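Peer 1: can you look at this prediction? I've put the sequence above it.
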Amino acid sequence: MPPDTQTELPFLAGIDDEGEPIFESLSVTVIDEEQALVKLLRSPLFARNLASGDRVKVLNSATAEYQLEERSGNLSIRVFCKEDINPLAEFLTPALEKIDGTLDLQHERALVYSIHYSIGFPEIEDTLNDALEDYPYAVWYYGNVYDPEDGATPIGWWLDIDE
């Protein structure tokens, strides 16, 4: 595909109870066909360790094998809700837009936002925590801050960008 072509590619989103892979289709733009480089157009809902604007090398699209080449600096923020998400989205989206966040995906029980790390973790987290205070049935998580293996250890990629 020529550069600037938009397409959908499968990314590993998890493993089901039978040990089979589950894939999430993500929108990408082809950057360099020869080198198989693409850029994510939005942050994923389930695929971990990626965010909008990240550049990845396609190793094998049939098996969803990719190599992260360059981070965009965006944080992926996932919000999950046990009830209708619309009231929360109407409140949270403008709050995040005020600090340059963007809504990438809205599903009936989930929201996905992208926001640049340079806004600052404290400001982002305060905005999210304040917004969710009135929505006890909702939780938020970073999608690309913690090690995908343990879900708890910060991977610190933003420190490399600051250097």
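Peer 2: That came in fine, so what should we check first?
Peer 1: tell me how far the helix or strand hosting Leu12 is from the chain's mean position?
Peer 2: Using DSSP states H and E, Leu12 falls within strand 6-15. Offset of strand 6-15 from its chain centre (C-alpha atoms, centre = their mean, to the nearest Å): 12 Å.
Peer 1: which SSE is immediately downstream of it?
Peer 2: The helix or strand immediately downstream of strand 6-15 is strand 21-32, counting by DSSP H and E.
Peer 1: tell me what the helix or strand just after that next one is packed against?
Peer 2: Using DSSP H and E, the next helix or strand after strand 21-32 towards the C-terminus is strand 37-40. Secondary-structure packing of strand 37-40 (3 or more C-beta pairs under 8 Å, 6 or more residues apart in numbering; DSSP states H and E): strand 21-32, strand 55-60. Backbone N, C-alpha and C define where each C-beta goes, glycine included.
Peer 1: in a markdown table: those, plus distance to Ile155, mean neighbour count and mean pLDDT.
Peer 2: Formatted as a markdown table, the helices and strands packed on strand 37-40 follow (distance: least, C-beta to C-beta, whole Å; neighbours: other C-beta atoms under 10 Å; pLDDT from 0 to 100):
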| stretch | distance to Ile155 | mean neighbour count | mean pLDDT |
| --- | --- | --- | --- |
| strand 21-32 | 20 | 16 | 94 |
| strand 55-60 | 16 | 16 | 94 |
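Peer 1: so which of these is nearest Thr102?
Peer 2: Shortest separation from Thr102 across those is recorded for strand 21-32, at 13.8 Å, computed as C-beta to C-beta.
Peer 1: neighbouring strands of that closest one in the sheet, and parallel or not?
Peer 2: Looking at strand 21-32 with DSSP bridges, its partner strands are strand 6-15 (antiparallel), strand 37-40 (antiparallel).
Peer 1: any idea which of the ones you listed scores lowest on pLDDT?
Peer 2: When the strands paired with strand 21-32 are compared on mean pLDDT, strand 6-15 scores lowest, with a mean of 91.
Peer 1: please identify the buried residues of it?
Peer 2: Within strand 6-15, the residues that qualify as buried by neighbour count (16 or more other C-beta atoms under 10 Å) are Leu9, Pro10, Phe11, Leu12, Ala13.
Peer 1: same question for stretch 64-82.
Peer 2: Buried residues in stretch 64-82 (16+ other C-beta under 10 Å): Ala64, Tyr66, Arg71, Ser72, Gly73, Asn74, Leu75, Ser76, Ile77, Arg78, Val79, Cys81.
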